[in-house]
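*Asks:* sequence first, then the predicted structure:
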Amino acid sequence: MRNALEQLCAQNAPSGFEAPAAQVARALLEPLMDEVWTDRMGNVIGVRRCGKPGAKKLLLDAHLDEIGLIVTGIEEGFLRFQTIGGVDPRMLPNRELNVLTDPPLFGVVACLPPHVQKEGDDKRSIPISELYVDIGMSQEEAERRVPIGTPMTFRGGCFPLGEREICGKSMDDRACFVTLLRAAELLQGKELDVDLYVMGSTREEISGSGAQCATFAIAPDFCVAVDVTHGRTPDGPREKSFEVGGGPVIGVGPNMTRWMTRRAMEKADERGIPYQLEVMAGHTGTNGWFMQICREGIATLVVSLPLKYMHSPIEVMDEPDAEQVAQLLAAFAEGLGEEAETLC
């Protein structure tokens, strides 16, 4: 799992520009599926058929895109930009970036030294409109090398943090795609009574359109959106965060199908998998929100992986949590077709 995560997190693939991550995801998925393809939206989709006539379909989804920036103009050789997805402007000054030209360039978000700041500057968040990316070029060279619309991402991949945790960029949500790979691996050699679809979806950070279009095309009977949720830290609100190392987080609320939520908890109890519950009273903030209303409606479950420092280049997850998410997904898939007949 760590090897797969390192490969995926090394890719620079913000929303709408997911091809590098999708290529790696497809290569990792192919040995585990009967068929793998990339659809019109750039989603990577694999299917393992159970061989039973008229079998129902289970879709497991995790998104491959990451947050990022996009070049909007060039001023005195410095790049102006807007955000792709939920980027917090407070963490941008001093940040190292990959500018995704061909070949890629190194850039840094410029910052004013404290010696020349105006009074009060140290107490405010600098808006995006006042930030620049320095690529060490003149205006003429920058215009030649960097087309308007070029995406940018945080630099870095992932690395161990302590004995159990991994730190890095884009683990929202590539860490969860790795749990899908692991779940498919755990199910190898086991008889299923559903056709199992595994998807690495695109554009979640900006719209959810990748998963929505693919779900409409696949027409699954059941879908599970696997995404990250907020890991607990000393300075964070306890009521909105979950224990890193405490196991998978199962979503509970009106936008998840109740029998699927109950079944996930029962399977966790049966297998001795620790889990936590997250009440999602409204929008889940995941692809599940869009998948549930495809076609005539899809029975939907949300399972989450606790993650500290979400939407930053230093996201932190617990490796055993990821393994337990995979175990829960595998347990949920087994016997689903037969049991769903009585649970629906």
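*Replies:* Received the coordinates, thanks. Residues are numbered from 1 along each chain as shown.
*Asks:* domain-wise, how is the chain divided?
*Replies:* 2-66+169-343, 73-154 (automatic domain parsing).
*Asks:* just these: most buried one?
*Replies:* Of all the domains of the chain, domain 2-66+169-343 has the most neighbours on average by mean count of other Cβ atoms under 10 Å, namely a mean of 20. C-betas here are computed from N, CA, C, even on glycine.
*Asks:* picking that back up, lowest mean pLDDT across the domains of the chain, which one is that?
*Replies:* Mean pLDDT values for the domains of the chain show the minimum at domain 73-154, a mean of 91.
*Asks:* follow-up on the earlier one: in CSV, list the domains of the chain along with distance to residue 162.
*Replies:* Listed next are the domains of the chain as CSV, based on distance: least, Cβ to Cβ, whole Å:
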stretch, distance to residue 162
domain 2-66+169-343, 9
domain 73-154, 21
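*Asks:* quick one, which of these is nearest to residue 161?
*Replies:* Proximity to residue 161 (Cβ to Cβ) singles out domain 2-66+169-343 among the domains of the chain, at 5.9 Å.
*Asks:* would you work out how far apart the start and end of that closest one are?
*Replies:* Length of domain 2-66+169-343, first residue to last, Cα to Cα, to the nearest Å: 36 Å.
*Asks:* so how far is it from its chain's centroid?
*Replies:* Centroid separation for domain 2-66+169-343 versus its chain: 9 Å, with Cα atoms, centre = their mean, to the nearest Å.
*Asks:* what about the domains of the chain, which gets the closest to residue 163?
*Replies:* Residue 163 lies closest to domain 2-66+169-343 among the domains of the chain, at 9.1 Å (Cβ to Cβ).
*Asks:* how about residue 280, nearest residue that isn't a chain neighbour?
*Replies:* Distances taken as Cβ to Cβ, 6 or more residues apart in numbering put residue 253 closest to residue 280, at 3.9 Å, once the chain neighbours are dropped.
*Asks:* quick one on the thing from earlier: the domains of the chain: which one's closest to residue 160?
*Replies:* Of all the domains of the chain, domain 2-66+169-343 sits nearest to residue 160, with 8.2 Å by Cβ to Cβ.
*Asks:* contacting residues for the nearest residue to residue 68 once chain neighbours are set aside?
*Replies:* Nearest residue to residue 68, sequence neighbours excluded (Cβ to Cβ, 6+ apart): residue 14, at 3.0 Å. Neighbour list for residue 14: 65-70, 84-85, 151-153, 205 [criterion: Cβ atoms under 8 Å, 6 or more residues apart in numbering].
*Asks:* now, those that are in strands?
*Replies:* Among the contacts of residue 14, the residues falling in strands (DSSP state E) are 68-70, 84, 151-153.
*Asks:* among the residues you listed, which two are most distant?
*Replies:* Greatest spatial distance among the ones in strands among the contacts of residue 14 (Cβ to Cβ): 70 and 153, at 10.4 Å.
*Asks:* in the stretch 51-200 of the chain, which spans are strands?
*Replies:* With DSSP state E, counting those that start in this stretch as the definition, the stretch 51-200 of the chain shows strands at residue ranges 56-63, 68-75, 78-84, 96-99, 105-109, 133-134, 151-154, 158-161, 165-168, 194-201.
*Asks:* same for the fifth one, what does it pack against?
*Replies:* Packed against strand 105-109 by the contact rule (3 or more Cβ pairs under 8 Å, 6 or more residues apart in numbering; DSSP states H and E) you find strand 96-99, strand 133-134.
*Asks:* what about the last one, distance to the chain center?
*Replies:* Per Cα atoms, centre = their mean, the displacement of strand 133-134 from the mean C-alpha position of its chain is 27 Å.
*Asks:* pull up the pairing partners for that strand, direction included.
*Replies:* Paired neighbours of strand 133-134 in the sheet (DSSP bridges): strand 78-84 (antiparallel), strand 105-109 (antiparallel).
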